[in-house]
Each structure stands twice: as C-alpha cells, then as structure tokens.
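> please work out how this folds:
(chains A, B, C and D)
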Number of protein chains: 2
Amino acid sequence: MPSEKPAKTAAPARTRTEKVHQALRSAIIEQRLAPGSRLPEDAIGESFGTSRTIAREALGRLAVEGLVDLKPNRGAFVANPSLEEGRGIFHVRRALERAMMLDLSGKIDPAIAGRLRAMVAREAAMASTNEPEAIRLAGEFHLTLAQLTGNPLLLRYVTETVSRCSMVLAMYGRPHSTDCGAREHAAIVESLIAGRIEEAAELMDRHVAEVAGRALLNTRVEQDIREVLASYAQAIQHA
Amino acid sequence: MPSEKPAKTAAPARTRTEKVHQALRSAIIEQRLAPGSRLPEDAIGESFGTSRTIAREALGRLAVEGLVDLKPNRGAFVANPSLEEGRGIFHVRRALERAMMLDLSGKIDPAIAGRLRAMVAREAAMASTNEPEAIRLAGEFHLTLAQLTGNPLLLRYVTETVSRCSMVLAMYGRPHSTDCGAREHAAIVESLIAGRIEEAAELMDRHVAEVAGRALLNTRVEQDIREVLASYAQAIQHA
DNA sequence: CATGCAGTGACTGCATACGATTTTTTCAGC
DNA sequence: GCTGAAAAAATCGTATGCAGTCACTGCATG
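Next comes the predicted model:
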C-alpha cells in the first residue's frame, strides 16, 4: 500500500468512473504500477471501493489513451512500450511541441510571462532538493504551455505524449537524467517572452530531442522473461 | 434506417463494445449522425441489439477520442466543434503530417512506390465520377502514409485528426472543395519516391494548409443561437 | 523426461436492476 | 394567459449476477 497520496490533476472528476480513470492514469504515469502488470477489474474495484463496472469502464478509456493494453477475454495490462515505440512517442511529441510553440505567437502577455518565469524558478529550486517533484513540475511546464495555446486537441495530445514519455523515461532512462531540464526550460521561456517564436520553437525542439536522446540512446532493458532468465541460466551452467 | 451498410474499418472488433465503438465512430465521421445530436444510451443499445452497458462504454471511449461530448447526468452528444476548434485540429494535423513525412525517409521501396502511385491514380479517376469515394480515398491516402512510418502513436493521431478534419470539412467546408486533392497527392508521392524528403514534407505541409484554407478561411457559421437571433432582434427594433 | 490432454479456477463479457439526477409536463395561483 | 412550483417522465450512474472463455495445473502417455 503506497504511503503518500497520489498527485491530483486539474479536473474535479464528477463521476466515480472519471475518478478511477484519473487515479489509474496517475498511478501508471508515476510508475506505481509497473509496465506489463495485470490490472484485474476486481482488484481495481476493490481498491477504489467500487464495482467492477467502474473499473472496467476506466480501463477501456485508458486503453484508448494507450496507457493500458486490453487483451480480449484476458484482461487489462499496464502498457509496456518497447524501446522502439518509445522513440516513436518522442518523435510525435517533438512535432507536437514544436507546433505548440509556433502557436503561442502573440499569446504571451506580461501576466503569463510572470507565471512562466515563476514556474521555471520553482522547478530549478526543486532540481537538487526534491527530484520527484522536479520531474512533476517539468511535465507540468509543458502542459501549461499547451494550455496557453487554447487548442484543446493540442492540449490533449501533448498531455498524452508527455504522460507516455515520462513512462518511457522511467522504463528506459538512466536515473538522474532529468535534472538538467530547468535551465533549458528557462531559455525557452525567455525566447518566448521576447517574442522570438522561431527561436523558441527551435529550442523546444532540441530540448525534447535531447531528453529523448539522453534516455533512449544507449540504455537497453530486457523485454522478455527469457532474456532476464538467460543470465541466471548461464550461472547455473557454470556452477 | 440507413439503406447502405456503414463502411467497415480494419480491425475485426472482437467484443460487442468494440463493434459498437467502431460503428459509432464511423457513423459520426460519415456524418450520419449530425454534430450536436443526442446519443442516448438506450437508443444506441437498442439499435445494436445490446444493453446500455455496451453503449455506455463505447460512448466513454469515443469521448476520450474527442468525437463525442459527455455531459454529466445529461448524456452524450456528437461533438460539435466550433470553427475555431476546427482550425486548431487542422493545425495539429499539419504538424503531425509534416513529422510523418520526415519519418518516411528511407522507407519507400519500389513495391511501396507502386502502391502509392496506384492509390493516387485511383483517386484521380474517382475525382470526377464518384465524389464520395474520392473523398474516402483521399483520407485513406494519408492513413496509408501514416501506416508506413511504422509508428503506432503517429498512426493513431493521424487517424484521429484525419477523421475529425473530414468532420470539420463537412460542417464548414464548401461543397466540391475536395476534388483538387489528387494532383497534390501525386506531387507528394513523386517527391517521396525520389527521396526528396524535405520537399515532400513541404508539399504535404502546404497541401494540408490549403485544404484547411479552402474550407475554413472565408466561411463563417454562427455558433451561438444569440448570434443568429441578433439580426432578427435588430430587424424588430428597426420595424 | 518431454509432450499432450482434460479438469479446475479465475476472470472477463454482457445483461439486468435499482437509486439518483435532470428535464419536461402539469396545474394551481395571480 | 402567464408565472412558478410540484409531480412525472426520461435518462444517467452504479452494483450485481450469470454465462462464456481462457490460462494453468496435474496426470497420463510415448
């Protein structure tokens, strides 16, 4: 049982289905639920004090979002993207965030500028003291920018890709590879505020590419049980 | 009752939920269901010979896709994007399809080249004789390219945006504004086959922008009842 | 010792039932 | 006839129950 409460997102979540939907999403993104693990409807219902109906519906929606795999007659599993899929997700995110920056042209007034600077400052402060919080803030930074475009679809896609990217990073990224984000975010914000949109877009593009590169290039994680067991099998043979 | 059968998509759709999900999606995209119309769970269940459970789950998933609006305790409605949202959707699509083209670098072998040329040829042939089919083929062209990238997320997003763009076009586009697509598609394919990826991306970018522009730029539809009634109110005052 | 097969258990797929909430209709009072 | 409140209808939100399907275990067989 997790000791700390899961982070709450924005919306109030009227119905239980939505509550469970969001809770599961957070749990998956925050890696409380390991990729590939089973998600039985019963267990979820019991955890949240609801019936299977709710759990079932939430799982269906998460499947649409790509956070869980739904296998017919077998049940739901936390998505377990391959390294290759991870690269693909980052690729899409990069394109989206570039478009997002271009869309922000003329939408940065002084009040917003202040808010963005404050966000980045908080992020920088957390970088050395509270890493999980820093990671969360880094993600929120991108989401805030997406929100500023006023484009609901863009917001949805950026939200989804950011979620899945953090999942991929947790799976394949090296630890401590995230703390460098604040400085880059700051540069992006300053370009944005100065109205140098093209430059900001370029910076963002490189930022996302670098985050992807840091994590995905050289790491390799065994996907298959057999790969994991191979080394043990060898050990046995040598013994 | 519709006389022709709805078009079937790729997947076999094992469960009834998935079947209803896909059927509703097709119905919405093909404009069989007008934007804004109610989607009562009972009615849907009855139409498909299932219980509300199925209908409800399908609606929830469609809501995640953005094709229906789910209002708490009120029910589901076919999405009714404003002109502004329509522009936003096209904006996202443009970014995605640009990324898609760049992703196709080195993935066009002779066999694929042939397939693409054939597709465009069929499209051109249909342009004057069978317009609905031409529109369908035009959409399929984009989907085929997305599939060729081998990036599942990109495919999903392109599929979604293409769907929603055709919806938006049907709502706000002028009639007969779609037939010019084949020539542009041909140019894109030739650049692609020749390996001039940057050029192909540029062409695609302009292509999507133009499709959007043709439809959305000069048309204006009153979104709000009040806007519609404003002129009448004025007339009364003048009388 | 490896392989095939039937029994068992767990879990999903779907339908139905009931309480809650919203919308519409009805009807009394002005 | 219009306004407003109360009753009625419609429809959603959720729980529960049953049947179907799949995976797994253990045993028999080559």
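> could you use CA atoms for every contact and neighbour count after this?
Will do.
> not counting sequence-adjacent ones, nearest residue to the most centrally placed residue in chain A?
Within chain A, the residue whose C-alpha comes closest to the C-alpha centroid is A:Ser163; the distance, by Cα atoms, centre = their mean, is 2.2 Å. Leaving aside its chain neighbours, A:Ser163 sits nearest to A:Ile29 (6.0 Å; criterion: Cα to Cα, 6 or more residues apart in numbering or on different chains).
> give the buried residues for the helix or strand hosting A:Phe141.
Taking DSSP states H and E as the definition, one finds A:Phe141 inside helix A:131-148. Judged by neighbour count (16 or more other Cα atoms under 10 Å in any protein chain shown), helix A:131-148 contains these buried residues: A:134-135, A:137-143, A:145-148.
> if we can go back for a sec, what is the burial count for the residue nearest to A:Ser163?
When neighbours are counted by other Cα atoms under 10 Å in any protein chain shown, A:Ile29 registers 21.
> could you say what helices and strands the following helix or strand past the helix holding A:Phe141 packs with?
Beyond helix A:131-148 in the direction of the C-terminus, DSSP H and E gives the next helix or strand as helix A:152-172. In terms of contacts (3 or more Cα pairs under 8 Å, 6 or more residues apart in numbering or on different chains; DSSP states H and E), helix A:152-172 is packed against helix A:16-29, helix A:83-103, helix A:131-148, helix A:197-216, helix B:83-103.
> could you dump these to JSON lines with distance to DNA strand C and mean pLDDT?
Formatted as JSON lines, the entries for the helices and strands packed on helix A:152-172 read as follows, by distance: least, Cα to the nearest atom of the strand, whole Å; pLDDT from 0 to 100:
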{"stretch": "helix A:16-29", "distance to DNA strand C": "12", "mean pLDDT": "90"}
{"stretch": "helix A:83-103", "distance to DNA strand C": "24", "mean pLDDT": "94"}
{"stretch": "helix A:131-148", "distance to DNA strand C": "27", "mean pLDDT": "88"}
{"stretch": "helix A:197-216", "distance to DNA strand C": "32", "mean pLDDT": "89"}
{"stretch": "helix B:83-103", "distance to DNA strand C": "24", "mean pLDDT": "94"}
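> out of the ones you listed, nearest to DNA strand D?
For the helices and strands packed on helix A:152-172, distance to DNA strand D was read as Cα to the nearest atom of the strand. The smallest value, 3.6 Å, belongs to helix A:16-29.
> got the CA positions of that closest one in CSV?
Presented in CSV, the C-alpha positions along helix A:16-29 are these (Å, rounded to 0.1, in the frame of the first residue of the first chain):
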residue,chain,number,x,y,z
ARG,A,16,-16.5,7.7,-10.0
THR,A,17,-15.6,6.3,-13.4
GLU,A,18,-13.7,9.5,-14.1
LYS,A,19,-12.1,9.5,-10.7
VAL,A,20,-10.8,6.0,-11.1
HIS,A,21,-9.8,6.8,-14.7
GLN,A,22,-7.6,9.7,-13.4
ALA,A,23,-6.3,7.8,-10.4
LEU,A,24,-5.2,4.9,-12.6
ARG,A,25,-3.6,7.2,-15.1
SER,A,26,-1.6,8.9,-12.3
ALA,A,27,-0.6,5.6,-10.9
ILE,A,28,0.6,4.4,-14.2
ILE,A,29,2.5,7.5,-15.1
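> distance from it to the middle of the chain?
14 Å (Cα atoms, centre = their mean, to the nearest Å).
> got the angle for it vs helix A:152-172?
For helix A:16-29 and helix A:152-172, the angle between their directions (axes from the mean of the first three to the mean of the last three Cα atoms, to 10 degrees) works out to 40 degrees.
> about what we covered before: from the chain's centre, how far out does the helix holding A:Phe141 sit?
What separates the centre of helix A:131-148 from the centre of its chain is 10 Å, taken as Cα atoms, centre = their mean.
> tell me if it is near chain B.
No - Helix A:131-148 stays out of contact with chain B when judged by Cα under 8 Å from any Cα of the partner chain, the minimum separation being 11.8 Å.
> what packs against that helix?
Other elements packing on helix A:131-148 under the criterion 3+ Cα pairs under 8 Å, 6+ apart are helix A:83-103, helix A:110-129, helix A:152-172.
> coming back round to it: the residue nearest to A:Ser163 contacts A:Leu169, doesn't it?
No - using Cα atoms under 8 Å, A:Ile29 and A:Leu169 do not qualify as a contacting pair, with a distance of 10.3 Å.
> distance of the closest residue to chain B within chain A relative to B:Thr159?
Nearest to chain B, among the residues of chain A, is A:Arg61, at 5.1 Å (Cα to the nearest Cα). Distance of A:Arg61 to B:Thr159, given as Cα to Cα, to the nearest Å: 17 Å.
> neighbour-wise, which of the two wins?
For A:Arg61 and B:Thr159, the more surrounded residue by other Cα under 10 Å is A:Arg61, and the numbers stand at 24 against 20.
> give me the nearest residue to that one, chain neighbours excluded.
B:Arg61 (5.1 Å).
> that neighbour contacts A:Gly60, correct?
Yes - in terms of Cα under 8 Å, B:Arg61 counts as a neighbour of A:Gly60; the distance is 6.7 Å.
> just to revisit the earlier point, report the angle between the axes of the helix holding A:Phe141 and helix A:152-172?
Interaxial angle of helix A:131-148 relative to helix A:152-172 (the same axes, to 10 degrees): 160 degrees.
> am I right that A:Glu184 is in contact with A:His207?
Yes - the pair A:Glu184 and A:His207 qualifies as a contact (Cα under 8 Å) at a distance of 6.7 Å.
> tell me the domain boundaries of chain A?
When chain A is parsed into structural domains using automatic domain parsing, the resulting residue ranges are A:16-78, A:83-216.
> would you turn these into JSON lines with distance to DNA strand D?
Compiled in JSON lines, the domains of chain A are given as follows (distance: least, Cα to the nearest atom of the strand, whole Å):
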{"stretch": "domain A:16-78", "distance to DNA strand D": "4"}
{"stretch": "domain A:83-216", "distance to DNA strand D": "21"}
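> turn those into JSON lines, including distance to B:Asn130.
JSON lines is the format used below for the domains of chain A (distance: least, Cα to Cα, whole Å):
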{"stretch": "domain A:16-78", "distance to B:Asn130": "34"}
{"stretch": "domain A:83-216", "distance to B:Asn130": "32"}
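> B:Gly49 is nearest to which of those?
Nearest to B:Gly49, of all those, is domain A:16-78, at 19.8 Å by Cα to Cα.
> pretty sure A:Leu203 contacts A:Ala186?
No - with contacts defined as Cα under 8 Å, A:Leu203 does not count as touching A:Ala186, sitting 10.4 Å away.
> now for the helix or strand hosting A:Arg61, which elements pack on it?
When secondary structure is defined by DSSP H and E, A:Arg61 falls within helix A:52-65. Packed against helix A:52-65, as judged by 3+ Cα pairs under 8 Å, 6+ apart, are the following elements: helix A:16-29, helix A:41-48, strand A:68-71, helix B:52-65.
> and that helix, what's buried?
Judged by neighbour count using 16+ other Cα under 10 Å, the buried positions of helix A:52-65 are A:52, A:54-65.
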